[in-house]
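> generate coordinates for the sequence data below:
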Amino acid sequence: MFLNSLNIAGSALTAQRLRMDVISQNLSNVDTTNVGNGQPYRRKSVELAERTQTTFSGYLDAQTDSPGGVEVSAINEDQTDFKLQYDPTDSSANAQGYVRMPNVDTVTEMTNLMEASKSYSANVTSFNAMKAVVSKALEIGK
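A predicted model of the protein is given here:
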């Protein structure tokens with residue numbers, strides 16, 4: 001029971017850390033107009049899902065209504081249109097002088113980063129509270 005709670009919080013920490021890494025990658029590439037294939041950088045997003053039990057003991061725990069935690073199920077590329085910016089001096093500009101810019105919105109990414117950071121922080125608090133409970137439970141036997 002106690003270890004399962006630590007595993008759930010740990011899985012959430014791992015998932016939120018990856019989410020923050022992807023958001024940081026988006027922010028780093030906000031001005032990248034060519035990723036090597038002639039296309040601008042395309043925004044990425046992390047999709048989270050309930051972690052499925054893959055071990056025999058995990059299946060047994062699932063039978064006792066024990067949740068499995070969270071995992072990253074996919075990292076998707078945002079298929080929204082690229083932004084157009086007028087800059088005829090840019091080597092990536094089309095015949096009309098427009099450059100296709102990444103579909104990354106800085107405000108949205110910063111909001112998502114704050115949300116992921118708060119979730120990470122909440123899971124650290126949960127993890128530490130459960131550690132304190134386990135520690136106190138072990139002291140009872142002394």
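
> list the contacts of the helix or strand hosting Glu47.
Assessed by DSSP states H and E, Glu47 sits inside strand 44-50. Strand 44-50 is contacted from outside by 15, 18-19, 22, 25-26, 67-78, using Cβ atoms under 8 Å, 6 or more residues apart in numbering. C-beta here means a position set from N, CA and C on the backbone, and glycine is covered the same way.

> can you check stretch 22-31 too?
35, 41, 43-46, 75, 101-102, 104, 106, 109-110, 112-113, 116.

> got a pLDDT number for the closest residue in space to Val35 that isn't next to it in sequence?
Leaving aside its sequence neighbours, Val35 sits nearest to Tyr41 (Cβ to Cβ, 6 or more residues apart in numbering; 5.3 Å). pLDDT recorded at Tyr41 is 95.

> assumed Tyr41 was part of a helix.
No. Under DSSP: H, G, I helix; E, B strand; the rest coil, Tyr41 sits outside any helix and is assigned coil.

> filter the contacts of stretch 22-31 to the buried ones?
Listed as buried from those are 41, 43, 46, 101-102, 104, 109, 112-113, 116; burial here means 16 or more other Cβ atoms under 10 Å.

> between the host helix or strand of Val107 and strand 44-50, how many degrees?
Following DSSP H and E, the helix or strand that holds Val107 is helix 106-140. In terms of direction (axes from the mean of the first three to the mean of the last three Cα atoms, to 10 degrees), helix 106-140 departs from strand 44-50 by 30 degrees.

> quick check: buried residues in helix 106-140?
Along helix 106-140, these residues count as buried under the neighbour rule (16+ other Cβ under 10 Å): 109, 112-113, 116, 119-120, 123, 126-127, 130.

> output the contacting helices and strands for it.
Judged by 3 or more Cβ pairs under 8 Å, 6 or more residues apart in numbering; DSSP states H and E, helix 106-140 is in contact with helix 2-28.

> helix 106-140 and the helix it packs on, what's the angle between them?
Using the same axes, to 10 degrees: helix 2-28 against helix 106-140 is 160 degrees.

> name all residues that make contact with Tyr86.
Counted by Cβ under 8 Å, 6+ apart, Tyr86 has contacts 97-99.

> could you redo the last one with a cut-off of 10 Å?
Contacts for Tyr86 (Cβ atoms under 10 Å, 6 or more residues apart in numbering) come out as 93, 96-99.
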